[in-house]
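# the following block contains a protein sequence and its predicted model.
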Amino acid sequence: MPQWDLYVVITTKLGGGRPTLELVRGALAGGATAIQLREKELPARELVELGRAIRELTRDAGATFIVNDRLDIALAVEADGLHIGQEDLPAPVARKLLGPEKILGVSVGTTDEARQAEADGADYLGVGSIFATGSKGDAGSPIGLEGLRAIRAAVKIPIVGIGGINPDNAAGVIAAGADGVSVISAVIEAADVAAAARRLREVVTRARGK
């Protein structure tokens, strides 16, 4: 079963010029339980090469590997699954092409979107943006913890809070019903990626009472 406690999205352009695999290794060393490769500007050949390397790192660490948006890349590198947004490939189509064994995640911001994604075969939801964030230009207006609570009450599948999450507010996200937190800048913009991931994982672990 995937563990969603700390879901780190890797976007190299926010990593301060550090190699992508260095960011991945740091996140995994700090306790990331899931890694998402989100590189919208890389050509397919580079994405495949990068994805295969991340596949090995996540497999060795026992972490889940998700590819953002690109179904072809997810299948090519044998990732654990695919994450899509509301404007990407429709969830029923993605579910059919992925097959039953792969994980499908869908970004949602309302209870209607959440219920629809669950009905369409999503295995988990990325819920948000919870707080204001500059890391994702398509994040939309924050839904806050109340919005998160409403979505938690609307669906049964796991949910991961996204958007503006850091060690100071992550516990509140878990308390509001999230199974984990998804972060970009809070980890990969840090000078010490492993230490940043470790701190967040500890906050989540305490909040979940593990």
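Looks like it arrived, so ask away. Numbering: from 1, shown residues only.

# show me where this structure has strands.
6-10, 34-37, 64-68, 81-84, 103-108, 124-128, 159-162, 180-183 (DSSP state E).

# so how far is the third one off the chain centroid?
Taking C-alpha atoms, centre = their mean, to the nearest Å, one finds strand 64-68 lying 8 Å from the centre of the chain it belongs to.

# what do you get for the last one?
Centroid separation for strand 180-183 versus its chain: 6 Å, with C-alpha atoms, centre = their mean.

# elements contacting it?
Strand 180-183 is packed against strand 6-10, strand 159-162, helix 170-175, helix 193-207, with contacts defined by 3 or more C-beta pairs under 8 Å, 6 or more residues apart in numbering; DSSP states H and E. (Each C-beta comes from the backbone N, C-alpha and C, glycine too.)

# show me the shaky parts of the protein.
For the chain, the stretches flagged by pLDDT under 70 are 134-140, 210.

# which helix is the longest one in it?
Assignment by DSSP state H gives helix 44-61 as the longest helix of the chain.

# let's see that helix as PDB, backbone CA atoms only.
Output in PDB follows, covering the C-alpha atoms of helix 44-61 (Å, rounded to 0.1, in the frame of the first residue of the first chain):
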ATOM      1  CA  ALA A  44      10.300  13.100 -23.800                       C
ATOM      2  CA  ARG A  45      13.700  11.400 -24.300                       C
ATOM      3  CA  GLU A  46      15.200  13.300 -21.300                       C
ATOM      4  CA  LEU A  47      12.100  12.500 -19.200                       C
ATOM      5  CA  VAL A  48      12.400   8.800 -19.900                       C
ATOM      6  CA  GLU A  49      16.100   8.800 -18.900                       C
ATOM      7  CA  LEU A  50      15.300  10.800 -15.700                       C
ATOM      8  CA  GLY A  51      12.300   8.800 -14.900                       C
ATOM      9  CA  ARG A  52      14.200   5.500 -15.100                       C
ATOM     10  CA  ALA A  53      16.800   6.800 -12.700                       C
ATOM     11  CA  ILE A  54      14.100   8.000 -10.300                       C
ATOM     12  CA  ARG A  55      12.400   4.700 -10.600                       C
ATOM     13  CA  GLU A  56      15.500   2.900  -9.300                       C
ATOM     14  CA  LEU A  57      16.000   5.400  -6.400                       C
ATOM     15  CA  THR A  58      12.400   5.200  -5.300                       C
ATOM     16  CA  ARG A  59      12.300   1.400  -5.600                       C
ATOM     17  CA  ASP A  60      15.500   1.100  -3.400                       C
ATOM     18  CA  ALA A  61      14.000   3.500  -0.800                       C
END
